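Participant: Just to be clear, the model below is a prediction. Sequence and coordinates:
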Amino acid sequence: MAEVVIVRDEAEAGELVASAIVELVERRPDAVLGLATGSTPLSTYRALARRLADEGAPDVARVRGFALDEYVGLPSGHPESYRAVIAREVVEPLGLTPELVHVPNGEPETIRTAADDYERAIQAAGGVDLQILGIGRTGHIGFNEPGSSLASLTRVKTLTEETRADNARFFDSPDDVPMHCITQGIGTILRARHLVLLAFGEAKSQAVADAVEGPLSASRPGSAIQLHPHATVVLDEAAASRLDHAAYYRHAWTHKPDWQGI
């Protein structure tokens, strides 16, 4: 079972996860972070930026990163490409070394080999130490839409219309949202040593309940976290509202020794 932590709001979640990342970097200065995009992880990145600006914060010059996914076919330099988003919201605010942060290559000219290239790069780095995840209303993690194999590796996927609609707010028109993406597979994600899934708001509550307490199913890709030996799910009250065992999760978190962290 994943550890479920129910917090007041996104700000508290961000502080909690940022603390775990700082502790990781203090132990391992060349730690490998798995980086999600979208609005969900922003509170974590902002809290982490504040922590790293403090006197005595660990040096992150050697920290490495791998983004979960990228759109296929967006023009180079497009502001909503995940390469641009990661640079704008993660690399620059945190002071990471740009050359050490990787994003899947969504260029059509090299798309046939891009997935295998990305898998090899993650393996060459020694694997991901801490993977940040969000979850979509369809239950997807990364861009692994319902029906994705639980053993899948990095590959090109077709986005559902629900996912495209959710992401349309970042584009001038819904028609501008790409139809295809390249994403780490569920099997790739499960190789990370620690998964941290964040979810906020009632709209995510059913996907969260399916992922944490529902049956393990490719129809609910987020449920794959149940297979992981070290998965932490950090939720606000609204996202946790459909959980049957919320009272137990609160009890367990309240009585957890501080030294264990998340």
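Facilitator: On my side now, so go ahead.
Participant: rest of the way, CA atoms for contacts and neighbours
Facilitator: Noted.
Participant: Find the residue closest to residue 160 in space, skipping its chain neighbours.
Facilitator: Counting by C-alpha to C-alpha, 6 or more residues apart in numbering, residue 160 lies nearest to residue 145, which is 7.1 Å off, once chain neighbours are set aside.
Participant: Might one say that residue 145 is in contact with residue 221?
Facilitator: Yes - counting by C-alpha atoms under 8 Å, residue 221 is a contact partner of residue 145 at 6.8 Å.
Participant: Which one's more surrounded, these two?
Facilitator: Legend: neighbour count by other C-alpha atoms under 10 Å for residue 145 and residue 221, higher for residue 221 (28 against 22).
Participant: Please pull out the lowest mean pLDDT helix or strand from this protein.
Facilitator: One helix or strand of the chain scores below all others by mean pLDDT, DSSP states H and E: helix 161-167, with a mean of 89.
Participant: Name the strands paired with the helix or strand just after that helix and say parallel or antiparallel.
Facilitator: For helix 161-167, the following helix or strand on the C-terminal side (DSSP states H and E) is strand 180-183. Its sheet considered, strand 180-183 pairs with strand 69-71 (antiparallel), strand 155-158 (antiparallel) by DSSP bridges.
Participant: Now do the helices for this structure: every range, in order, please.
Facilitator: Using DSSP state H, the helices of the chain run over 10-27, 42-53, 82-86, 92-94, 111-124, 161-167, 186-190, 205-213, 246-254.
Participant: Could you dump these into TSV with distance to residue 104 and mean neighbour count added?
Facilitator: Below are the helices of the chain laid out as TSV (distance: least, C-alpha to C-alpha, whole Å; neighbours: other C-alpha atoms under 10 Å):
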stretch	distance to residue 104	mean neighbour count
helix 10-27	23	18
helix 42-53	20	19
helix 82-86	8	20
helix 92-94	19	17
helix 111-124	6	16
helix 161-167	18	15
helix 186-190	13	23
helix 205-213	25	22
helix 246-254	35	13
